[in-house]
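Peer 1: Attaching a predicted model along with its sequence, questions to come.
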Amino acid sequence: MSTLMLNNMNAFEWLGREMRAKIAQYEISLSATGEKPPNWEEKAGVFALMDDDLQKDLAFLLAYGDWKDGSAQYKKVLQFLTSSIFVVADQEKKRNKDKLPEVCQKIANMELYYFLHDHLDTKFTLEGKLWFAGIDMETKTYQNNWKHFGDATRMMLDQAKESAVEHIEKYRRDLRVE
C-alpha cells in the first residue's frame with residue numbers, strides 16, 4: 001500500500017489496519033521505501049492516552065469493526081450509556097419506575113446501534129427504530145417524554161468519537177515524527 005493511501009485513511013481505519021486478522025497483501029509495501037510502518041503494539045499505545053473508558057471502547061469498536069451485541073466493548077459502551085441516562089431519568093420520571101432501567105437500556109442500545117450503523121440512520125423512521133429496538137411506546141410519547149435521553153446518548157457518542165479521533169490523529173503524527 002502506498003504512503004499516500006495510508007496518509008488518506010481516517011483515524012479509525014489507520015488504527016484498525018494492523019489490529020485485524022492478517023491477510024496476504026501483494027502490493028508494494030512501505031518497507032520498499034525504507035519506511036517502517038507502526039505495528040499493532042505501537043498503535044495500541046493510543047488507548048493509554050485516551051481520557052476515559054467510553055472513548056477507548058468506542059474507538060476499539062470503530063477501529064476493529066466488531067459491532068456485535070455480545071462483544072465486551074459493545075457491552076461496556078452500552079452499560080455506560082444506560083447508566084448515564086438512567087441517573088437523569090430516575091430523577092425525572094415519577095411513574096413506572098420498575099420499567100425505567102429496561103427503557104433506558106433500550107434507548108441506549110437503539111442510539112448505539114444507529115450510531116455504529118450510520119448508513120441505516122436515515123433509512124428508518126422513528127417509529128421503525130423504536131419497533132426495531134423493542135421500545136413499546138407511541139412515537140409521540142417517545143418524542144415528548146423520552147427523545148431527550150436519546151439525544152443525550154447520541155451527543156455522548158459524538159463527543160467520545162471526536163475526542164478519540166483527536167487522540168488518534170495526534171498519536172499518529174507523533175509516531176511519524178519519531
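Peer 2: Structure's in. What do you need?
Peer 1: And the helix or strand harbouring Gly128, what does it pack against?
Peer 2: Assigned by DSSP states H and E, Gly128 belongs to helix 126-133. On a contact count with 3 or more Cβ pairs under 8 Å, 6 or more residues apart in numbering; DSSP states H and E, helix 126-133 meets helix 100-116, helix 139-145. Quick note: C-beta positions are derived from backbone N, CA and C, even for glycine.
Peer 1: name the helices or strands packed onto whichever helix or strand comes after the shortest one?
Peer 2: Spelled out, that is helix 139-145. Sequence order places helix 147-177 as the next helix or strand after helix 139-145, per DSSP H and E. Judged by 3+ Cβ pairs under 8 Å, 6+ apart, helix 147-177 is in contact with helix 11-16, helix 46-49, helix 53-64, helix 72-92, helix 100-116.
Peer 1: so which of these gets nearest Asp136?
Peer 2: helix 100-116 (9.1 Å; Cβ to Cβ).
Peer 1: now that closest one against helix 126-133, angle please.
Peer 2: If you take axes from the mean of the first three to the mean of the last three Cα atoms, to 10 degrees, helix 100-116 sits at 110 degrees to helix 126-133.
Peer 1: count of neighbours near Tyr74?
Peer 2: 21 (other Cβ atoms under 10 Å).
Peer 1: re earlier: which of the helices and strands packed on helix 126-133 sits most buried?
Peer 2: helix 100-116 (a mean of 20; mean count of other Cβ atoms under 10 Å).
Peer 1: That one - contacts with which helices or strands?
Peer 2: helix 72-92, helix 126-133, helix 147-177.
Peer 1: returning to that earlier point: for the helices and strands packed on helix 126-133, give me JSON lines that also has mean pLDDT.
Peer 2: As requested, the helices and strands packed on helix 126-133 are exported to JSON lines (pLDDT from 0 to 100):
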{"stretch": "helix 100-116", "mean pLDDT": "94"}
{"stretch": "helix 139-145", "mean pLDDT": "94"}
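Peer 1: Out of those, which is closest to Gly45?
Peer 2: helix 100-116 (24.3 Å).
Peer 1: Okay, angle between the closest one and helix 53-64 too, please.
Peer 2: Using the same axes, to 10 degrees: helix 100-116 against helix 53-64 is 40 degrees.
Peer 1: Could you pull up the residues touching the spatially most central residue of the chain?
Peer 2: The residue lying closest to the centre of the chain (Cα atoms, centre = their mean) is Leu58, at 3.6 Å. Residues in contact with Leu58 (Cβ atoms under 8 Å, 6 or more residues apart in numbering) are Gln73, Val77, Leu157, Ala160, Lys161, Ala164.
Peer 1: For the residues you listed, give me TSV that also has neighbour count.
Peer 2: TSV is the format used below for the contacts of Leu58 (neighbours: other Cβ atoms under 10 Å):
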residue	neighbour count
Gln73	19
Val77	27
Leu157	20
Ala160	25
Lys161	19
Ala164	27
